[in-house]
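In: I'd like to go over a predicted model; first the sequence, then the structure.
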Amino acid sequence: MTGKKTLEELQSEIKKITINEVEKLNKAEKGKTAFQEFMTSLQSSTVAIKRKEDDLKENIRELLSVAETEKSHLQELNSQSLEPQRKNLKTDIAKAEKQKDDIDKELAEVTSTITHKKEVLKDMQNRANFSNQETSASISRIRTEYSLYSKLFNIKWDRTVPDTHIKGFVLKPTEKRVVPFKFDKTSHSQFFITNYLWEQISEGCCLDEPQSGNKS
């Protein structure tokens, strides 16, 4: 009738919605996993930089100790008028001081990097919190729609299987039988799984034919 959708049109629309929502759910889960991996890598980098900073500080302390020792020796040599050794010590001290300056510069760069990493980490944490909220809301909505479609098409899901698998069964009341299904998402495409389930649903006529009638 004009203005009403046929069973085939309704099934086609619901099939498209199901495919889109499954794709959204998969993207949300993959995005969350990639973000968690990035956060773990960023935190590891921060720890490594902090360790480098500690090592540099220790090197500075050692160089300062060497410089003090050399200065002490230089004073002793001056008192003994040992000019050649005094010059050598001056050269060593100059080298040590240059190394200290280089390390100070490197330490300043590392400190700047740590500060930047902390700012990036804070920003990423804020984004993560916002993303987690949006993802949770999206997943909740998708699960609600899944539940609605499951009831509409008599699909029962097995929630105990790993995320890499899809398992459950389709009830076919008109045929008085149950069709079980189990798929490994790494071995079967989403398109294949969706089409298979849709074929089972269509064969079972889970939707009632729209009724048309005239009011008296």
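Out: Structure's in. What do you need? Numbers count the residues shown, from 1 in each chain.
In: Skip ahead from the strand or helix carrying Thr113 and say which helix or strand is next.
Out: Using DSSP states H and E, Thr113 sits within helix 83-153. Following helix 83-153 in sequence order, the next helix or strand is strand 155-157 (DSSP H and E).
In: spatially speaking, which residue is in the middle of the chain?
Out: The residue lying closest to the centre of the chain (Cα atoms, centre = their mean) is Phe35, at 2.2 Å.
In: isn't that one right up against Ser131?
Out: Yes. Taking Cβ atoms under 8 Å as the definition, Phe35 is a contact partner of Ser131 at 6.6 Å. No exception for glycine: its C-beta is placed from N, CA and C like everyone else's.
In: can you tell me how far the residue nearest to the centre of the chain sits from Asn132?
Out: Phe35 sits 9 Å away from Asn132 when distances are taken as Cβ to Cβ, to the nearest Å.
In: Excluding chain neighbours, what is closest to Val66?
Out: Excluding its sequence neighbours, the residue lying closest to Val66 (Cβ to Cβ, 6 or more residues apart in numbering) is Ala96, at 5.6 Å.
In: so where is the chain shaky, pLDDT-wise?
Out: For the chain, the stretches with pLDDT under 70 are 1-5, 77-83, 135-153, 203-216.
In: Am I right that Lys50 is in contact with Ile114?
Out: Yes. If you go by Cβ under 8 Å, Lys50 and Ile114 touch, sitting 6.8 Å apart.
In: The two: which has the busier surroundings?
Out: Ile114 (16 against 13; other Cβ atoms under 10 Å).
In: what's the residue nearest to the more buried one when sequence neighbours are not counted in contact with, if anything?
Out: Once flanking residues are discounted, Ile114 sits nearest to Ile49: 5.3 Å by Cβ to Cβ, 6+ apart. For Ile49, the contacting residues are Val110, Thr113, Ile114, Lys117, by Cβ atoms under 8 Å, 6 or more residues apart in numbering.
In: This completes my enquiry, with thanks.
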